[in-house]
Structure formats: C-alpha cells, structure tokens
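J.: here is a sequence together with a model predicted from it:
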Amino acid sequence: MAVRIFTNDWEQYLLPEMEKPYYKELRQFLINEYRTRQIFPDMYSIFNALHYTSLADTKVVIFGQDPYHEPGQAHGLSFSVLPNVPPPPSLQNIFKELETDLGCSVPDNGCLEPWARQGVLLLNTVLTVQAHNANSHQGKGWEIFTDRIISILNEREKPMVFILWGAPARRKKAMITNKAHLIIESPHPSPLSAYRGFFGSRPFSRANEFLKSTGQEPINWQLPNIH
C-alpha cells in the first residue's frame with residue numbers, strides 16, 4: 001500500500017499538483033539534494049504546516065520565506081523552531097509584539113506547533129533549504145506549489161485571515177481576491193525592519209477580532225512553557 005503524503009483534506013487538492021511536470025522536476029532535484037547535501041527541514045517534516053493545519057480548519061495564514069538554515073532549527077512550520085532551540089531574532093520580535101498586543105508572556109521556547117494545531121497555517125513560500133545557505137532552493141518549483149496552496153485558500157468560502165509580513169509575503173496580496181478574507185500586512189519582524197511598522201501593528205488581536213466577528217473561535221496565542 002502506498003504511503004499517504006497527506007492525511008487530511010489537502011490530499012485531494014495537492015496530489016494532482018504533484019503530478020505536474022514542474023513538481024516532478026522539483027522532486028528529482030530534492031532527491032539529489034537530500035542525498036548529497038545537508039537540507040532542512042528533514043524530509044519527513046517538509047509538509048508539517050499542512051499536516052498540522054487542514055484546509056477546513058485554517059483560520060489564520062502566516063507566510064514565511066524559506067526555512068531556517070542552521071542545524072536543528074527548522075521543522076516545517078514558518079518562523080517556528082524545535083522546542084529546545086533558542087528563538088531566532090525574528091521570532092523574538094514576534095513574541096515582543098504579542099506581549100504588547102495581547103499581554104502574552106514570552107514563552108521559554110520557540111515552538112509554534114500549538115498555533116498550528118488551532119488553525120494557524122504556518123506556511124513558507126519555499127519549503128526546503130541547504131544548510132547555511134539562505135534562499136538556496138528558491139526558483140526550483142516550490143513557489144509554484146505554494147502559490148497553488150494560496151489559490152486554494154483564497155477560493156474557500158469560510159473567512160480566514162492572511163498575515164503578510166515583509167515584501168515577499170506582501171507580494172502574495174494580489175492573489176488574495178476573495179473579499180470574505182482579511183489581509184493584515186506590515187514590515188517583516190526581522191531586526192532589520194521590525195521598527196519600520198511591524199511593532200505596533202497588532203496582528204494578533206486584529207486577527208482574533210475578525211475571527212470573532214465571523215463567528216469563529218479566536219486563537220489562543222499564548223504559547224505554553226515547556227520547562
């Protein structure tokens with residue numbers, strides 16, 4: 001029996017996409033990359049964002065660019081790191097804004113899996129990267145695949161929130177044409193740009209207000225401590 005790539009409703013939408021020529025080329029590229037180089041995340045974690053957050057359950061989408069490229073960090077969720085890894089600077093700034101916005105205390109870890117399990121789709125534009133080499137898998141086909149995911153999300157009738165941080169994510173705004181959805185955009189939480197409008201943008205409370213206004217359960221953004 002074949003191993004299922006997705007175990008939820010993404011399967012019916014994305015398996016046909018994986019039969020397209022561009023994706024088959026991407027797959028061959030990845031097979032070679034994983035065989036000959038150190039690639040993050042590990043191959044079993046590439047689609048974690050989709051495993052944890054089904055299409056039907058998605059309430060909020062947060063776009064990242066590509067995975068963290070240092071050992072032990074990336075595990076398939078944008079901005080998230082594995083539990084015992086120090087939060088990188090962008091994630092530290094996300095926690096600062098969360099504290100200002102909603103009074104959430106800063107957790108002792110940077111694992112965002114509890115968000116994903118509540119319906120926050122933590123999707124990178126590119127899903128893999130070479131060790132120590134940011135953006136090394138750009139232009140290999142991932143962008144076509146994740147744009148398809150955005151199109152599927154956009155077509156869904158049930159309202160959701162798209163949080164777009166930074167120029168690459170904000171360029172996706174043109175694809176989000178469904179008026180039922182809310183777009184929240186700002187500069188990236190990176191230390192290079194956070195003070196240019198990310199801080200004070202209140203994305204978390206705004207997302208929750210929208211969810212409540214559309215009859216949905218808000219996200220509990222407070223992450224638990226693990227130590």
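T.: Done, it's in.
J.: pull out the buried positions in whichever helix or strand residue 152 is part of.
T.: When elements are defined using DSSP states H and E, residue 152 is found to belong to helix 142-155. Residues 142, 143, 145, 146, 148, 149, 150, 152, 153, 154 are the ones in helix 142-155 that count as buried (16 or more other C-beta atoms under 10 Å). From N, CA and C alone the C-beta is placed, and that goes for glycine too.
J.: out of the residues you listed, who's nearest residue 160?
T.: Using C-beta to C-beta, residue 153 is the member of the buried residues of helix 142-155 that lies nearest residue 160, at 6.7 Å.
J.: help me confirm that that closest one comes into contact with residue 56.
T.: No: because the distance of 11.1 Å does not satisfy C-beta atoms under 8 Å, residue 153 is recorded as not touching residue 56.
J.: about what we covered before: contacting residues around the helix holding residue 152?
T.: Under the contact criterion C-beta atoms under 8 Å, 6 or more residues apart in numbering, helix 142-155 has outside partners 13-14, 17, 22-23, 26, 50, 55, 58, 61, 121, 123-128, 160, 162, 172, 175-178, 181.
J.: show the buried residues in those.
T.: With neighbours counted using 16+ other C-beta under 10 Å, the contacts of helix 142-155 contain these buried positions: 13-14, 23, 26, 50, 55, 58, 61, 121, 123-128, 160, 162, 172, 176, 181.
J.: so which of the residues you listed sit within strands?
T.: Within these, residues falling in strands by DSSP state E are 61, 121, 123, 124, 162.
J.: how far away is the fourth one from residue 86?
T.: Counting by C-beta to C-beta, to the nearest Å, the gap from residue 124 to residue 86 is 20 Å.
J.: now do the strands in this structure.
T.: Taking DSSP E as the criterion, the chain contains strands spanning 39-40, 60-64, 120-124, 129-130, 161-165, 182-186.
J.: just the CA atoms of the second one, as CSV, please.
T.: Output in CSV follows, covering the C-alpha atoms of strand 60-64 (Å, rounded to 0.1, in the frame of the first residue of the first chain):
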residue,chain,number,x,y,z
VAL,A,60,-5.1,32.3,10.0
VAL,A,61,-2.3,32.0,7.5
ILE,A,62,1.2,33.4,8.3
PHE,A,63,3.7,33.3,5.5
GLY,A,64,7.4,32.9,5.9
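J.: who does it touch, helix- and strand-wise?
T.: strand 120-124, strand 161-165, helix 167-170 (3 or more C-beta pairs under 8 Å, 6 or more residues apart in numbering; DSSP states H and E).
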